[in-house]
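Q: 3D model of this:
(one chain, ligands or ions: 1)
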Amino acid sequence: MLALHDAAQDARADTAGALVVVDEAYGEFSHRPSLLPLIEGRPRLVLSRTMSKAFGAAGLRLGYLAADPAVVDAVQLVRLPYHLSAVTQATALAALEHTDTLLGYVEALKAERDRLVGELRTIGCEVTESDANFVQFGRFEDAHAAWQGLLDRGVLVRDNGVPGWLRVTAGTPAENDAFLDAVRELMKETSA
Ligand SMILES: *Cc1c(COP(=O)(O)O)cnc(C)c1O
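A: Numbers count the residues shown, from 1 in each chain. Modelled structure (predicted):
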């Protein structure tokens, strides 16, 4: 995030010569504050956000950007007409009416995410710091075999093809417990 703050500072300089776009798709899950307050006075800083993650509404395909009014006006000129269906708009408005409830789930998910990080480390895994709703853990000599081992125990995680690492999305406490049990078994089996 330090680098992002530097980029945001650059966005204020006339010499930057380009827009600096910061993707805050997982912003609501972060330990750190949004860069939203930095937009004021930085006409080249653009933040993109989405309802896909924090609002649990990936099917809506609704995102938005926050930027200086001049940037927003320019985007209005080039955006497609009727790019958001009436149903999407109605659903998004309904979701916004329940912002407190929906963002309340984010707080619970963040707590579960942090619990996953802590417990995976206790089990003996390496874990990458996470500001999202998922956690990268490893290291496995053969990540794909580990992925299969978890699947054999009824737990589906993601193999992103990063050698040695897998990715798990934080779920309900019961789902996370089942995942952690499966990892414990797997670690026992592979170290035996
Ligand atoms: C989900 C996501 C987005 C936004 O996706 P939409 O569903 O199209 O709004 C943007 N960036 C990243 C890294 C994401 O994971």
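Q: is the ligand contacted by stretch 25-38?
A: Yes - Stretch 25-38 is in contact with the ligand by C-beta under 6 Å from any ligand atom, via Ala25. Yep, even glycine has a C-beta here, placed from its N, CA and C like the rest.
Q: from the chain's centre, how far out does that stretch sit?
A: Its chain's average C-alpha position is 11 Å from that of stretch 25-38, according to C-alpha atoms, centre = their mean, to the nearest Å.
Q: Which positions in it come out as buried?
A: 26-29, 35, 38 (16 or more other C-beta atoms under 10 Å).
Q: try stretch 106-113
A: Buried residues in stretch 106-113, defined by neighbour count with 16+ other C-beta under 10 Å: 106, 109-110, 112-113.
Q: Then stretch 94-108?
A: Those would be 95, 102, 106, for stretch 94-108 by 16+ other C-beta under 10 Å.
Q: Where does the first one fall, secondary structure wise?
A: It stands for Ala95. helix 86-97 (DSSP states H and E).
Q: Just list what that helix packs against, helices and strands only.
A: If you count contacts as 3 or more C-beta pairs under 8 Å, 6 or more residues apart in numbering; DSSP states H and E, helix 86-97 packs onto no helix or strand.
Q: circling back to that earlier point, of the buried residues of stretch 25-38, which is the nearest to the ligand?
A: Of all the buried residues of stretch 25-38, the ligand sits closest to Tyr26, with 6.6 Å by C-beta to the nearest ligand atom.
Q: could you measure the closest one against Leu36, distance?
A: Distance of Tyr26 to Leu36, given as C-beta to C-beta, to the nearest Å: 14 Å.
Q: Now do the residue nearest to Pro173 when sequence neighbours are not counted against the ligand, distance only.
A: Of all residues not flanking Pro173 in the chain, Glu112 sits nearest, at 6.3 Å (C-beta to C-beta, 6 or more residues apart in numbering). For Glu112, the distance to the ligand equals 19 Å [C-beta to the nearest ligand atom, to the nearest Å].
Q: any idea which element Glu112 lies in?
A: Assigned by DSSP H and E, Glu112 falls in helix 99-123.
Q: who touches that helix?
A: 28-29, 54-56, 95, 127, 129-130, 132-135, 137, 168, 170-173, 176, 179-180, 183-184, 187 (C-beta atoms under 8 Å, 6 or more residues apart in numbering).
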